[in-house]
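Enquirer: Based on what follows, work out the 3D shape:
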Amino acid sequence: MNGDISAVQIILVFIVTFIAAIDQFNFLESLYQPIVMGAVVGAILGDVTTGLVVGGTYQLMTIGNMPVGGAQPPNAVIGGIMATILAVTLGLTPTAAVATAIPFSLLGQYAVTLLFTVMSPVMAYADAAAAEANPGKIVRLNYLAMGALGLFFAIIVTLFFVGGAAFGQRVVDAIPDWLMTGLSAAGGMMRYVGFAILLKVMVSRDMWGFYFMGFALANIVAGIPSLSNSALLLLAFVGFAFAFWDFQNQTAFRAAPASVGGDEDGI
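Expert: Numbers count the residues shown, from 1 in each chain. This is a model prediction of the structure:
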């Protein structure tokens with residue numbers, strides 16, 4: 001694409017980023033996830049395939065990220081959108097685009113922390129509104145916070161989107177080959193780091209059998225040429241079957257009447 005952007009694309013990227021930023025903390029519909037935003041932004045920029053690949057790669061990297069207390073992880077909204085923009089407009093490989101977008105995700109993290117800090121004193125206003133039994137003030141306060149977050153993110157992404165189209169190609173051309181190779185390698189490793197973080201959070205002795213079974217099935221199915229293209233979908237159905245089977249067993253177990261012993265059986 002090499003920097004040929006239109007006003008319509010700029011406006012659409014602004015709107016999509018605005019909605020995704022609000023969705024991350026308010027709508028909670030998972031629209032902000034990189035795998036969704038990658039496809040949407042890719043479609044806006046005219047390359048859905050690259051958007052899907054970049055979004056999926058970024059999603060794997062962030063799959064285990066979660067806020068702990070007041071600490072925010074690198075922001076998936078700005079990072080995922082900027083990774084897609086970099087890949088489509090500058091022709092970067094998905095892994096290189098993901099690694100290059102890390103500074104933007106950190107910028108989003110700082111923006112969220114700053115906004116939360118600024119909004120903290122406003123909680124006193126919300127407490128006063130609650131004491132007055134005035135929900136209207138609380139609703140307006142929430143809309144204000146949502147709008148501020150959406151504008152914050154949308155302005156950041158749009159500025160870098162327009163700026164990247166103007167001079168981003170020259171910056172990429174100035175990066176030496178060894179550094180670009182390193183960025184690609186780092187971006188490729190990040191997906192495994194994301195899975196490692198997720199496994200550390202979800203680790204359970206009862207689930208390790210399913211993990212190793214899924215790993216073995218993935219290798220078997222991917223090694224069969226006629227099934228390799230649909231391997232992910234097939235394994236998703238297998239996982240759903242096991243989850244549904246376990247759900248039925250657990251439901252039947254809870255519904256079963258508890259047996260009560262008597263004196264005649266020595267209990």
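Enquirer: Could you pull up the mean pLDDT of stretch 214-225?
Expert: Mean pLDDT, computed over stretch 214-225, is 83.
Enquirer: what comes into contact with that stretch?
Expert: Here stretch 214-225 makes contact (CB atoms under 8 Å, 6 or more residues apart in numbering) with L227, S228, A231, L234, L235, V238, G239. Any C-beta I mention is one placed from the backbone N, CA and C, and that applies to glycine too.
Enquirer: Tell me the one of the residues you listed nearest G147?
Expert: G239 (39.2 Å; CB to CB).
Enquirer: how far away is the closest one from A218?
Expert: 11 Å (CB to CB, to the nearest Å).
Enquirer: Tell me the buried residues in stretch 227-238?
Expert: Across stretch 227-238, burial judged by 16 or more other CB atoms under 10 Å covers A231, L235.
Enquirer: Same question for stretch 121-132.
Expert: A129.
Enquirer: I'd like to check what contacts that stretch. Which residues are they?
Expert: P135, G136, K137, I138, L141, A145.
Enquirer: Could you list the low-pLDDT ranges of the stretch 51-200 of the chain?
Expert: 64-73, 164-176, 179-180, 182-200 (pLDDT under 70).
Enquirer: make it 50
Expert: Applying pLDDT under 50 to the stretch 51-200 of the chain flags residues 168.
Enquirer: about what we covered before: now, of the contacts of stretch 121-132, which are buried?
Expert: Buried, going by 16+ other CB under 10 Å: I138, L141, A145, out of the contacts of stretch 121-132.
Enquirer: And those residues, which is closest to A252?
Expert: For these, the closest approach to A252 (CB to CB) belongs to I138, at 44.1 Å.
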